[in-house]
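S.K.: after the sequence you'll find the predicted model.
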Amino acid sequence: MEPKKYQYIDSLRGIAILLVVLVHVGIVLDNTIDYFPKDSLLLSIIGNGAYGVQLFLIVSAYTLTMSHYNRLNEPNKNRNFFIRRFFRIAPMYYIAIIYFTLDKYLQFDFVNPDFSVIPVRSLLSNVFFTSALIPEHTNNYVPGGWSVSVEFLFYLILPFICSKIKTINSALLLFLSTLTLALIVDPFIREHTIYPYFHEYNFFVQLPVFPLGILAYFFLNREQHHIKPVTWVFAAIMVLVFCYIAIPKHIMFSFVFMLLLIIQGKYNFKLFSNRFFSEVGKVSFSMYLIHFAVIYLFNRFGFYHVVNITDFWTSLLNFALMYIIVAGVAFAISSVTYRLIEVPGQNLGRRLIKKLEQD
């Protein structure tokens with residue numbers, strides 16, 4: 001039985017991708033923000049759109065936990081889980097790998113292609129979704145591919161996690177444990193790797209985000225919310241630690257997104273759950289991969305300006321229009337790839353499961 005679809009979940013995915021597009025329009029098409037005051041609240045809001053990825057991860061953990069408990073009695077549920085997740089992610093992601101191989105490394109030269117320039121190891125780490133474990137391979141092939149790797153690596157351990165995490169108390173312990181691991185790993189990575197951003201994009205630092213989605217599931221779907229004393233002590237120790245060190249910013253945003261998920265799950269406010277966000281959310285995975293290509297093409301052909309920029313207000317108007325154009329074009333293309341690539345890929349996974357169950 002397929003899990004029920006919820007508008008608020010698709011809507012949160014829609015919000016997440018719109019946040020991600022926001023930051024990348026600001027970064028790549030930086031001529032659109034020439035007159036924005038430096039260190040302004042507006043630039044901070046645009047830059048923090050990057051944390052839309054954490055909203056994706058939390059919603060993913062929430063829905064996958066829900067799906068796990070809905071399929072407890074399914075034969076071969078773990079095998080079927082991996083098949084479903086592979087065919088949900090791989091078809092579109094592999095298309096993205098092919099596109100960026102042709103664009104970034106071969107410059108679409110089909111006459112005399114130089115295949116020697118293709119970094120084979122990095123290519124393979126992307127094909128096998130392990131790039132978030134390898135500093136020199138992180139985010140250097142498919143733009144944004146680090147989060148796909150983080151997500152897929154989480155898939156590998158989710159069946160084990162779900163077999164152990166059965167209460168909100170154990171979910172909170174999982175979060176505190178993974179957060180402790182991230183705090184230990186982060187300074188080691190910063191000290192021992194020269195590759196920029198790996199300390200932010202690696203799997204271990206992002207891992208604590210997922211238990212927040214699992215926590216939201218237990219809060220919304222279980223009546224008893226008993227937390228054991230030892231868990232409260234663990235939490236108090238972590239609070240004390242954060243009196244002396246800064247809370248990682250992606251964790252702070254993840255807390256906010258977890259609360260947003262819980263609020264929407266209980267009250268379903270139309271502001272955050274509506275047809276517009278839901279339609280965007282349905283194609284959000286394609287849109288995540290495609291919007292990079294759209295922005296890079298605009299950048300390559302010098303398409304930065306819709307209006308003549310002379311001051312802050314015209315700069316703001318130009319940024320807003322470019323954002324709408326990029327998001328609109330990416331959504332239009334993604335609506336096609338969703339139907340032609342993502343849906344057939346998922347159907348192929350279902351057929352494979354059905355065939356295996358019949359054998």
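M.R.: Noted; the coordinates are in hand.

S.K.: roughly how far does Ser177 sit from Asp359?
M.R.: Taking CB to CB, to the nearest Å as the measure, Ser177 and Asp359 are separated by 40 Å. For glycine as for every other residue, the C-beta is placed from the backbone atoms N, C-alpha and C.

S.K.: ok, Ser122 - contacts?
M.R.: Ser122 makes contact with 131, 136-137, 140-141, according to CB atoms under 8 Å, 6 or more residues apart in numbering.

S.K.: burial measure for Ala327, as a count.
M.R.: Ala327: 19 surrounding residues under other CB atoms under 10 Å.

S.K.: ok, now the one 5 residues further on?
M.R.: Ala332 sits with 13 neighbouring residues when counted by other CB under 10 Å.

S.K.: helix or strand: which one has it?
M.R.: Using DSSP states H and E, Ala332 falls within helix 312-337.

S.K.: can you check Ile309 too?
M.R.: In this structure, Ile309 sits in neither a helix nor a strand according to DSSP H and E.

S.K.: quick one on the thing from earlier: show me what counts as buried in the helix holding Ala332.
M.R.: Across helix 312-337, burial judged by 16 or more other CB atoms under 10 Å covers 315-316, 318-319, 322-323, 326-327, 329-331, 333-335, 337.

S.K.: next: stretch 224-234.
M.R.: Neighbour counts using 16+ other CB under 10 Å place 231, 234 of stretch 224-234 among the buried residues.

S.K.: pull the CA atoms of it into PDB?
M.R.: Only the C-alpha atoms of stretch 224-234 are listed here, as PDB (Å, rounded to 0.1, in the frame of the first residue of the first chain):
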ATOM      1  CA  GLN A 224       2.600   9.300  24.700                       C
ATOM      2  CA  HIS A 225       5.600  11.600  24.800                       C
ATOM      3  CA  HIS A 226       7.400  10.300  27.900                       C
ATOM      4  CA  ILE A 227      11.100  11.400  28.100                       C
ATOM      5  CA  LYS A 228      13.300   9.400  30.500                       C
ATOM      6  CA  PRO A 229      15.400  11.200  33.200                       C
ATOM      7  CA  VAL A 230      18.700  10.100  31.600                       C
ATOM      8  CA  THR A 231      17.600  11.700  28.300                       C
ATOM      9  CA  TRP A 232      16.800  15.000  30.100                       C
ATOM     10  CA  VAL A 233      20.300  14.800  31.700                       C
ATOM     11  CA  PHE A 234      21.900  14.300  28.200                       C
END
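
S.K.: how far is that stretch from where the chain is centred?
M.R.: A distance of 30 Å separates the centroid of the chain from that of stretch 224-234, by CA atoms, centre = their mean, to the nearest Å.

S.K.: residues in contact with it?
M.R.: Outside stretch 224-234, the residues that touch it by CB under 8 Å, 6+ apart are 167-169, 172-173, 176, 218-219.

S.K.: stretch 162-181 now?
M.R.: With contacts defined as CB under 8 Å, 6+ apart, stretch 162-181 is touched by 65, 68-69, 161, 204, 207-208, 210-212, 214-215, 217-219, 222, 224-228, 231, 234-235, 238, 251.

S.K.: residue ranges with poor pLDDT in this structure?
M.R.: Regions of the chain meeting the criterion pLDDT under 70 cover residues 1-5.

S.K.: now do the strands in it.
M.R.: Secondary structure of the chain (DSSP state E): no strands located.

S.K.: give me the most central residue, it.
M.R.: Closest residue to the average C-alpha location of the chain: Val53 at 3.8 Å, with CA atoms, centre = their mean.

S.K.: any idea how far the residue lying closest to that residue once chain neighbours are set aside lies from Leu212?
M.R.: Leaving out its chain neighbours, the residue that sits closest to Val53 by CB to CB, 6 or more residues apart in numbering is Ser147, at 4.9 Å. Look at Ser147 and Leu212: by CB to CB, they are 16 Å apart.

S.K.: and the residue nearest to Val53, how many neighbours?
M.R.: As a burial measure, the neighbour count of Ser147 was computed by other CB under 10 Å and equals 19.

S.K.: ok, the residue nearest to the centre of the chain - contacts?
M.R.: For Val53, the residues meeting the contact criterion (CB under 8 Å, 6+ apart) are 16, 20, 144, 147.

S.K.: of these - the most surrounded one?
M.R.: Across the contacts of Val53, neighbour numbers were computed from other CB under 10 Å; Ala16 holds the maximum, 28 neighbours.

S.K.: so what's it up against?
M.R.: With contact set as CB under 8 Å, 6+ apart, Ala16 has these partners: 52-53, 55-56, 59, 281, 284.

S.K.: which residues of the stretch 51-200 of the chain fall in helices?
M.R.: Across the stretch 51-200 of the chain, reading from the start of the chain, the helices by DSSP state H, counting those that start in this stretch fall at 52-70, 77-100, 120-127, 145-164, 168-192, 198-201.

S.K.: which of those sits most buried?
M.R.: helix 52-70 (a mean of 23; mean count of other CB atoms under 10 Å).

S.K.: okay, the angle between that one and helix 145-164?
M.R.: For helix 52-70 against helix 145-164, the angle by axes from the mean of the first three to the mean of the last three CA atoms, to 10 degrees is 30 degrees.

S.K.: so how far is helix 52-70 from its chain's centroid?
M.R.: Taking CA atoms, centre = their mean, the mean C-alpha location of helix 52-70 is offset from the chain mean by 11 Å.
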